[in-house]
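Colleague: quick one, structure for this:
(chains A, B, C and D)
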Protein chains: 4
Amino acid sequence: MFIYNHQLRVRYGDTDQMGYVYYGNYGYYYEQARSEAIRSLGISYKEIEDSGTMMPITRMNIKYIHPARYDELLNIKTWVPDLPNRMMLFKYEIFNEENRLINEGETQLIFIDALTKKLKITPSILLEKMKAFY
Amino acid sequence: MFIYNHQLRVRYGDTDQMGYVYYGNYGYYYEQARSEAIRSLGISYKEIEDSGTMMPITRMNIKYIHPARYDELLNIKTWVPDLPNRMMLFKYEIFNEENRLINEGETQLIFIDALTKKLKITPSILLEKMKAFY
Amino acid sequence: MFIYNHQLRVRYGDTDQMGYVYYGNYGYYYEQARSEAIRSLGISYKEIEDSGTMMPITRMNIKYIHPARYDELLNIKTWVPDLPNRMMLFKYEIFNEENRLINEGETQLIFIDALTKKLKITPSILLEKMKAFY
Amino acid sequence: MFIYNHQLRVRYGDTDQMGYVYYGNYGYYYEQARSEAIRSLGISYKEIEDSGTMMPITRMNIKYIHPARYDELLNIKTWVPDLPNRMMLFKYEIFNEENRLINEGETQLIFIDALTKKLKITPSILLEKMKAFY
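Modeller: Coordinates of the predicted model:
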């Protein structure tokens, strides 16, 4: 299975007056993790998009277990349980500096032809890179 | 049941280069809807917090059905299916200007004593306002 | 001179752990004020963009005088000191609920042809609406 | 003089529908650069705050020279022209991957006692680290 770990520093502006990372910011964290995971395959999200495929998110689920705080260096474990076809599921676990699991989530995306706006299957430039893991 | 409709204008900065509202911004939209829903009860989120109760989110699920675009005036229907006790569930449906359902979601929050950081039940100042609806 | 007042509610997610609106969020507030100011002229930012003109910001200056807090209803006074030509200057003053001046700023934008990416002068659809004020 | 270079990857969510980094997000970028600059001194923003000093921003000026785009690895050169006393000025220059200067800015912050909320001078834990550079 394709697994990737990305580290990310909590910004001051990501916190709210509770003193924790605002719950609405985790989608941004998942994006960073997902983007770096794909880059580790030797291809970038940007290259896929530039080749004519948009990848909108269709579903996101988040479970908030423990707060994240300013300046913490978070580790986001990202994995893709199944080889993508019409859709691609990413799962995430976020660990804080004490290696405590603080957040779990998943996002599902689909592939859209940038010109026709129609659904398509996983672009081959991405699929080829992933096959080795499944 | 307690239901509230909140209208909200999509900001330029909420969009991304796909030309749609970035998927990570819907938690902010839900917060605005939830906050105005509670205000319509005659009490504010801020007053509840000032009275010593924090309300962190423990779960969020989002289903993205259709893109939202810059400058659209969205209508967010918000409802609380059950009278809250240890936790409070909000459900959301977002409609665009053509009254098309574009997004569905839910958030669950818990009540925490601001001093002891321990779980508590729904503060009576909120519960009393809500009882009339159930 | 063209002056407009826009009211805006501070979101929870706009605050940081200092308990104030994060300094980096005021550009978003200015955008909302600017956008509603133009709408009050009977034309929208979106319509100008759809007619082929992009309006990137070239300069922003902000003076933070007093903190803004969660749930405050801010009043943003927006004005355009001069009839725009090659660039358009917006000035802002933000007042809190006690009518205290808490923030001053300005943004300058230019007009770019969306196709050629070349500088252009103020589109006539905007200029015509503004002339009455100068 | 104290100078630091920080690299930062543009997130998808940082862009807007013009296809560029939204102008309102640069304050976040400056914060990341400033925070890492201070960390390079052997002390963190968080430690200064935990020791009882808040550092609100009082002024920010930004000049937008050229757009930043999704996935670009930006280099933010940050420097502090003068040894801080009652206030601390940071200056920034952002360069894209082609080493083109795309943005210039500055932020000024003050030091506030977290308990009394009164102005104070630069905390000695920070000042001592900086003296070597001036």
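Colleague: now do the helix or strand containing residue A:91: everything it contacts.
Modeller: Assigned by DSSP states H and E, residue A:91 belongs to strand A:87-95. Contact partners of strand A:87-95, identified using CB atoms under 8 Å, 6 or more residues apart in numbering or on different chains, comprise A:26, A:29-30, A:33-34, A:37, A:55, A:58, A:68, A:74-82, A:101-111, A:122. In this view, the C-beta of every residue, glycine as well, is placed from N, C-alpha and C.
Colleague: quick one: list the elements packing against the helix or strand just after that strand.
Modeller: Where DSSP H and E defines the elements, the next helix or strand beyond strand A:87-95 is strand A:101-113. Strand A:101-113 sits against helix A:26-39, strand A:53-54, strand A:57-64, strand A:87-95, strand A:119-120, with contacts defined as 3 or more CB pairs under 8 Å, 6 or more residues apart in numbering or on different chains; DSSP states H and E.
Colleague: point out where chain A drops to low pLDDT.
Modeller: Scanning chain A for pLDDT under 70 picks out no residues.
Colleague: quick one, what contacts the most centrally placed residue in chain A?
Modeller: Residue closest to the average C-alpha location in chain A (CA atoms, centre = their mean): residue A:34, at 2.9 Å. By CB under 8 Å, 6+ apart, residue A:34 lies in contact with A:45, A:78, A:90, A:107.
Colleague: relative to residue A:32, how far out is the first one?
Modeller: So the one you mean is residue A:45. Distance of residue A:45 to residue A:32, given as CB to CB, to the nearest Å: 11 Å.
Colleague: distance of the most far-flung residue of chain A relative to its centre relative to residue A:57?
Modeller: Distance from the C-alpha centroid of chain A, by CA atoms, centre = their mean, peaks at residue A:17 (26.1 Å). For residue A:17, the distance to residue A:57 equals 28 Å [CB to CB].
Colleague: over to residue A:25?
Modeller: 15 Å.
Colleague: please apply the same query to residue A:120.
Modeller: Note on residue A:120: its distance to residue A:57, by CB to CB, is 16 Å.
Colleague: settle it for me: which of the two has more neighbours?
Modeller: The residue with more neighbours, out of residue A:120 and residue A:57, is residue A:57; 21 against 15, by other CB atoms under 10 Å in any protein chain shown.
Colleague: show me what contacts that one?
Modeller: A:107, A:108, A:109, B:23, B:64.
Colleague: the first one: neighbour count?
Modeller: In this case it means residue A:107. Using other CB under 10 Å, residue A:107 has 25 neighbouring residues.
Colleague: which of the helices and strands packed on strand A:101-113 is buried the deepest?
Modeller: helix A:26-39 (a mean of 22; mean count of other CB atoms under 10 Å in any protein chain shown).
Colleague: helix or strand right after it?
Modeller: Taking DSSP H and E as the definition, the helix or strand right after helix A:26-39 is helix A:45-50.
Colleague: quick revisit: could I get the helices and strands packed on strand A:101-113 as JSON lines with distance to residue A:131?
Modeller: Conversion of the helices and strands packed on strand A:101-113 to JSON lines gives the following (distance: least, CB to CB, whole Å):
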{"stretch": "helix A:26-39", "distance to residue A:131": "14"}
{"stretch": "strand A:53-54", "distance to residue A:131": "17"}
{"stretch": "strand A:57-64", "distance to residue A:131": "23"}
{"stretch": "strand A:87-95", "distance to residue A:131": "14"}
{"stretch": "strand A:119-120", "distance to residue A:131": "18"}
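Colleague: about what we covered before: got a PyMOL select line for the buried ones in the contacts of strand A:87-95?
Modeller: Of the contacts of strand A:87-95, the buried ones go into a single PyMOL selection, burial set by 16 or more other CB atoms under 10 Å in any protein chain shown:
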select buried, chain A and resi 26+29+30+33+34+37+55+58+68+74+75+76+77+78+79+80+102+103+104+105+106+107+108+109+110+111+122
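Colleague: contacts for stretch A:9-17 next, please.
Modeller: The contact list for stretch A:9-17, computed with CB under 8 Å, 6+ apart, reads A:21-22, A:25, A:68-74, C:12-13, C:15-20, C:22, C:24-25, C:70, D:27-28, D:31-32, D:35, D:45.
Colleague: of these, just the buried ones, PyMOL syntax please.
Modeller: If you want just the buried ones from these in PyMOL, going by 16+ other CB under 10 Å, the selection is:
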select buried, (chain A and resi 21+22+25+68+69+70+71+72+74) or (chain C and resi 12+13+15+16+17+18+20+22+24+25+70) or (chain D and resi 27+28+31+32+35+45)
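Colleague: inside strands: which ones of the contacts of stretch A:9-17?
Modeller: A:73, A:74 (DSSP state E).
Colleague: now the end-to-end length of stretch A:77-93.
Modeller: With CA to CA, to the nearest Å applied, stretch A:77-93 spans 5 Å between its terminal residues.
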